[in-house]
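Peer 1: Sequence plus the predicted model coming up.
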Amino acid sequence: MMVKDKGQTVDPRIRRTERAVMAAAGELFVRQGYTATTMSQIASAADCAERTLFLRFTSKAELLKRVVDQTFAGMGSEEPVPDEPGTDEPGTDKPGPTTPGSANATPDTLEARLQALASNIAATMIRTGPLFAVAREAEASEPLIREAFDAARRDTIAASRRMWRGLERDGLISSGIDVDWVADTTALLGAADTYLLIRTAMGWDQQQLAAWLSRTWLYFATNPEPAAVVLP
């Protein structure tokens, strides 16, 4: 998430208010859903005037997007938020909801690298999952959220392709692997939309999700895909 440097210090009171707003908004969105949550409720929970809220966030959709961005990035309540609304554009300076190439660790073995990447993604999914569900609800009626989610989906596919091409470049995957096919297939398996289904159908915790991701990736990295089926 980008923060513009204006060469001036932001009043600590503004920081405290914004932290309170972000925390209140996140809690209310998750508990009540997007449609049922109002800006008036958020202002009341954050103990600030509704007019102040609209000075910092031009719409409820923008506030939701900011909360999702901050939670996805793992920023705690003590972290600053952008000085101006709309300074962070989806898909530009941060990864999408699932980005296999975003882990910092680069172990030497295939299994260790996949485990590190899976652990990173599982932690992000568990942390942000409840807000993904809220964003899915808002997506149908809010163009800003729909555009951000679509950009994140594209980012997920691009990041998966980078991950698998990196593994191929480093000589860590078996010969005969169709890297582009595997990258696109595993991108779908690791997408935010898929995680929401996993959360509902399987109820996995972070450890179980990470184990499934790493095991699935390891299978694809070591087993050439079956021959394509030609339909009549």
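Peer 2: Right, received. Where do you want to start?

Peer 1: going forward, measure contacts between C-alpha atoms and count neighbours the same way
Peer 2: Fine.

Peer 1: give me the element Met22 is part of.
Peer 2: helix 12-32 (DSSP states H and E).

Peer 1: Give the buried residues for the very next helix or strand once past that helix.
Peer 2: For helix 12-32, the following helix or strand on the C-terminal side (DSSP H and E) is helix 39-45. Within helix 39-45, the residues that count as buried by 16 or more other Cα atoms under 10 Å are 39, 42-43, 45.

Peer 1: and what of stretch 24-35?
Peer 2: 24-30, 33-34.

Peer 1: residue ranges with poor pLDDT in the chain?
Peer 2: 1-11, 75-107, 225-232 (pLDDT under 70).

Peer 1: Mind giving me the packing neighbours of the helix or strand Leu167 falls within?
Peer 2: Using DSSP H and E, Leu167 maps to helix 143-169. With contacts defined as 3 or more Cα pairs under 8 Å, 6 or more residues apart in numbering; DSSP states H and E, helix 143-169 has these neighbours: helix 60-72, helix 110-139, helix 179-189.

Peer 1: change it to 10 Å
Peer 2: Helix 143-169 is packed against helix 60-72, helix 110-139, helix 179-189, helix 192-201, helix 206-222, with contacts defined by 3 or more Cα pairs under 10 Å, 6 or more residues apart in numbering; DSSP states H and E.

Peer 1: Make a markdown table out of those helices and add distance to Ala148 and mean neighbour count.
Peer 2: Converted to a markdown table, those look like this (distance: least, Cα to Cα, whole Å; neighbours: other Cα atoms under 10 Å):
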| stretch | distance to Ala148 | mean neighbour count |
| --- | --- | --- |
| helix 60-72 | 8 | 21 |
| helix 110-139 | 9 | 20 |
| helix 179-189 | 17 | 18 |
| helix 192-201 | 13 | 16 |
| helix 206-222 | 24 | 18 |
